[in-house]
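In: Provide a 3D model corresponding to the input given below.
(2 chains)
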Amino acid sequence: MKPRGYIPVAVLAAVLAAFQLLVSFTGQEFFLTQLTMSAYYVLAVMGLCLLMGYAGQISLGHAAFFAIGGYTAAVLGTFNAAPYQDGAVVRLLLKTGLASASDAATVHVSPWAALGLAVLLALAVSVVIGVPILRLRGHYLAMATLGFGLIVHRIVLGTHIFGEADGISDLPAFPLFAGLSVSGRPELRVSNYYIAWTIVVLGMALLLNLVNSRPGRALRAIHDNEEAARAMGVDTARYKLNVFVLSAVFTAVAGVFLTHFNAGIGPAEADVMKSVRYVAIVAVGGMANLWGALAMGLSLNYISLRGYLGSYDDAFFGAVLILIMIFAPEGLLNAERPRAILGQVKALAARMRKKGGEGGAP
Amino acid sequence: MNPEQILQYILSGVTMGSVYAVTAIGFNIVYNTTGIINFAQGEFLMLGGMTAVTLAAFLPLPLAIACAVALTAGIGGLIDLVIIRRLKNPSVLMMIIVTIGLSILIRETALHVWDAKVRSLPFFTGSEVSSINILGAYISPQVLWVLGACAVIVTGLTVFFRSTTTGRSMRACSSDRMAASLCGIDVKSMVTLSFILSAAIGALAGCVISPITQTQYDSGTSLAIKGFTVAILGGLGNSMGAVAGGIIIGLLEAFSISILPLAYMDAMAIGIMILILFFRPSGLFARKGEAALKEH
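Out: Below is the predicted model of the structure:
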């Protein structure tokens, strides 16, 4: 991508920093908690935006990948490996520093190791189900991904190590580097706001780079017409799988960090309603519009997390889906929309001028 | 497992299977005239059951059910008139998003109109404890109502689609919309009619199964998933296939209880659906060419 393409990313970073200063200056720092959580949901939504908007493949099961990330972090983070200290795996982890023993009775696996495993798991699962699932189209693809999401939700609900309906709590913080750690403690609000949004900004730069490159053009070709793309020599099956895996990994990483921020995870994160919510946000943001996904992900999640919608939370997202499809199927924040309106205004103005000129000499 | 136990499992499997079959037929009616999978189909069952329970408080049971069916049918028609018709050049993705939005909206409205409590209609004949002995296995008389309703719906629909002008017009819309409208068939009305019909059938099914399965604001979703599994298994749009598929899934579920934990039962049906989608998306009973035409 040309250096010019990074200007919006830099502007985004500046706006986010200014926002934090504004919020802190007015003494309303508690708003940062929801803004931080929104950031992680935005990360998940951006992955789905790539899949739905750019590759044209729907997934109604992305909450499952979020759960895979979150639950991997939660299970490993709360797991005491002391009884297995003599096992080869734990010994290796201890030697490489990926596990640490605070005393003889408690050995904890490092969150970095959990993050790595979560990414690997999301990768493996998305490849295994992606290969057959992505051969399907339309309703069949929607139903298969929905089914996958439901199965993961059922497994989470019915399995003892995932805490069943209670989920997992008391997860320790994730120390990233010296002095920085992902945790929901009130005194770490500001640093966590920056950690979360830095991850989002990096992800954004990565995805923008991807969609503006050769693979990005191939993806758009698949979206517009899969047969034509294949005829042009695009390996459609490989591209679709790669994007699916990439979006699954984005979502799983979001799951890992949000779980550490919340110090736990519950089965609600794997619920199909969450997947539907991600789809709704991508649709409102204008499908193939990463900026739209970011803006809508931030605002809608923030509204929902602050509890402004009360018990109408789910109903709100259902209504949003219907209204957007009826009145603005291209999304609210479609780049073409203002441009098209501007064009119409210009054309109208030109016609008026012309008419005015003719009016002088009938 | 002794023979009585096996018979008991078979009977309960066939009962649930016929419930799934009726749900699947609701999917098929809309799919056949529009090419849409209506993700809100399960909500029609829930609406039918809930409305009937409320009306049964002050109306005799048959009248309450009739009113519930009529009301749900009206809602089905309204959904088409107010929402589906307004979509401009809808793509499959748009239709999926809209019908999912609808199902959420109906479910959440039901939560606010009623509440999260579990409700059920009284048994049509007999009571919870009355049972009929069939070769050593015991079944509730309500099961016979379910089986009977399923048989009536399937036969009625077959006759309707084969022998009436309206039914034939609807089938014409399914095979070629353009040609149908050139022949003077009002395609838009046929689509509305298919929504009314599928909502009515869903509501009726919801009433008949309510005494056995009970009704809750969110009970539509899992029924819809099972219904869709069955519709896929039998081949989308194929009513007889739906009945066969329903019975297969019902039996598998009934027998799986004896080996799998209850929490995983739903996951098994969904797993079957995914396998079918992978290996034979046209369904077990569909002819290959027919399925290829329909797959968009």
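In: find the residue ranges of the chain scoring beneath the pLDDT cut-off.
Out: The chain I'm using is chain A. For chain A, the stretches flagged by pLDDT under 70 are A:1-4, A:104, A:333-341, A:355-362.
In: that's the wrong chain, I wanted chain B
Out: Residue ranges of chain B with pLDDT under 70: B:286-296.
In: ok, which stretches of it are helices?
Out: B:3-34, B:41-55, B:61-78, B:92-113, B:141-163, B:165-175, B:177-182, B:187-213, B:219-234, B:239-256, B:265-279, B:288-294 (DSSP state H).
In: chain A now?
Out: With DSSP H as the criterion, chain A has helices at A:7-25, A:31-49, A:62-78, A:88-95, A:111-133, A:138-158, A:189-211, A:214-224, A:226-231, A:236-262, A:272-285, A:290-305, A:313-327, A:336-360.
In: make CSV out of these and add distance to B:Gly234 and mean neighbour count.
Out: For every residue, glycine as well, the C-beta is placed using N, CA and C. Converted to CSV, those look like this (distance: least, CB to CB, whole Å; neighbours: other CB atoms under 10 Å in any protein chain shown):
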stretch, distance to B:Gly234, mean neighbour count
helix A:7-25, 51, 14
helix A:31-49, 32, 25
helix A:62-78, 27, 28
helix A:88-95, 47, 14
helix A:111-133, 21, 19
helix A:138-158, 14, 24
helix A:189-211, 41, 19
helix A:214-224, 32, 17
helix A:226-231, 28, 14
helix A:236-262, 29, 24
helix A:272-285, 24, 26
helix A:290-305, 38, 21
helix A:313-327, 29, 20
helix A:336-360, 43, 10
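In: out of those helices, nearest to B:Tyr20?
Out: Nearest of these to B:Tyr20, taken as CB to CB: helix A:138-158 at 14.9 Å.
In: can you lay out the helices of chain B as CSV showing distance to chain A and mean neighbour count?
Out: Shown next, in CSV, are the helices of chain B (distance: least, CB to the nearest CB, whole Å; neighbours: other CB atoms under 10 Å in any protein chain shown):
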stretch, distance to chain A, mean neighbour count
helix B:3-34, 9, 23
helix B:41-55, 11, 28
helix B:61-78, 13, 19
helix B:92-113, 3, 22
helix B:141-163, 21, 16
helix B:165-175, 15, 17
helix B:177-182, 17, 14
helix B:187-213, 15, 25
helix B:219-234, 6, 26
helix B:239-256, 13, 22
helix B:265-279, 4, 19
helix B:288-294, 10, 12
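In: what's the local residue count around the residue lying closest to B:Leu11 once chain neighbours are set aside?
Out: Nearest residue to B:Leu11, sequence neighbours excluded (CB to CB, 6 or more residues apart in numbering or on different chains): B:Ile139, at 5.1 Å. Other residues lying near B:Ile139 total 18 when counted by other CB atoms under 10 Å in any protein chain shown.
In: ok, A:Met52 next?
Out: Other residues near A:Met52 come to 26 when the count uses other CB under 10 Å.
In: in the stretch 151-300 of chain A, what residue is nearest chain B?
Out: Here the stretch 151-300 of chain A gets closest to chain B at one residue, A:Gly158, 3.0 Å apart by CB to the nearest CB.
In: which residue, other than its chain neighbours, is closest to that residue?
Out: Closest residue in space to A:Gly158, ignoring its immediate chain neighbours: B:Ala263 at 3.0 Å, by CB to CB, 6+ apart.
In: isn't that neighbour up against A:His160?
Out: No - taking CB atoms under 8 Å as the definition, B:Ala263 is not a contact partner of A:His160, at 10.7 Å.
In: and the residue of the stretch 151-296 of chain B closest to chain A?
Out: Counting by CB to the nearest CB, the stretch 151-296 of chain B gets nearest chain A through B:Ala263, at 3.0 Å.
In: look up how far A:Ala237 lies from A:Ile151.
Out: The gap separating A:Ile151 from A:Ala237 is 24 Å, by CB to CB, to the nearest Å.
In: right, I mislabeled it, should have said B:Val118
Out: Computed as CB to CB, the B:Val118 to A:Ala237 distance reads 46 Å.
In: cool, A:Leu43 as well?
Out: A:Leu43 is 27 Å from A:Ala237, by CB to CB.
In: what residues does the stretch 151-300 of chain A have near chain B?
Out: For the stretch 151-300 of chain A, the contact set with chain B under CB under 8 Å from any CB of the partner chain comprises A:151, A:154-155, A:157-158, A:272-273, A:276, A:279-280, A:283.
In: again, only using 7 Å
Out: The stretch 151-300 of chain A has residues A:151, A:154-155, A:157-158, A:276, A:279, A:283 near chain B, with proximity defined as CB under 7 Å from any CB of the partner chain.
In: and the two most separated of the residues you listed?
Out: Maximum pairwise distance in these, criterion CB to CB, is 31.3 Å, between A:Gly158 and A:Ala283.
In: run a quick neighbour tally on A:Asp103.
Out: By other CB under 10 Å, neighbour count at A:Asp103 equals 7.
In: is it true that the residue of the stretch 151-296 of chain B closest to chain A touches A:Thr159?
Out: No - B:Ala263 sits out of contact with A:Thr159 when judged by CB atoms under 7 Å, with a separation of 8.3 Å.
In: just to revisit the earlier point, who wins for proximity to A:Arg135 among the helices of chain B?
Out: A:Arg135 lies closest to helix B:265-279 among the helices of chain B, at 7.8 Å (CB to CB).
In: report all helices and strands that that closest one contacts.
Out: If you count contacts as 3 or more CB pairs under 7 Å, 6 or more residues apart in numbering or on different chains; DSSP states H and E, helix B:265-279 packs onto helix A:138-158, helix B:219-234, helix B:239-256.
In: now for the ones you listed, which one comes closest to B:Ile106?
Out: helix B:219-234 (7.7 Å).
In: tell me which residues are up against that closest one.
Out: Here helix B:219-234 makes contact (CB atoms under 7 Å, 6 or more residues apart in numbering or on different chains) with A:143, A:150, B:20-21, B:23-24, B:26-28, B:39, B:41-43, B:45-46, B:107, B:241-242, B:244-246, B:248-249, B:266, B:269-270, B:272-273, B:276-277, B:283-285.
In: quick one: it to helix B:239-256, angle?
Out: Angle, helix B:219-234 to helix B:239-256, by axes from the mean of the first three to the mean of the last three CA atoms, to 10 degrees: 110 degrees.
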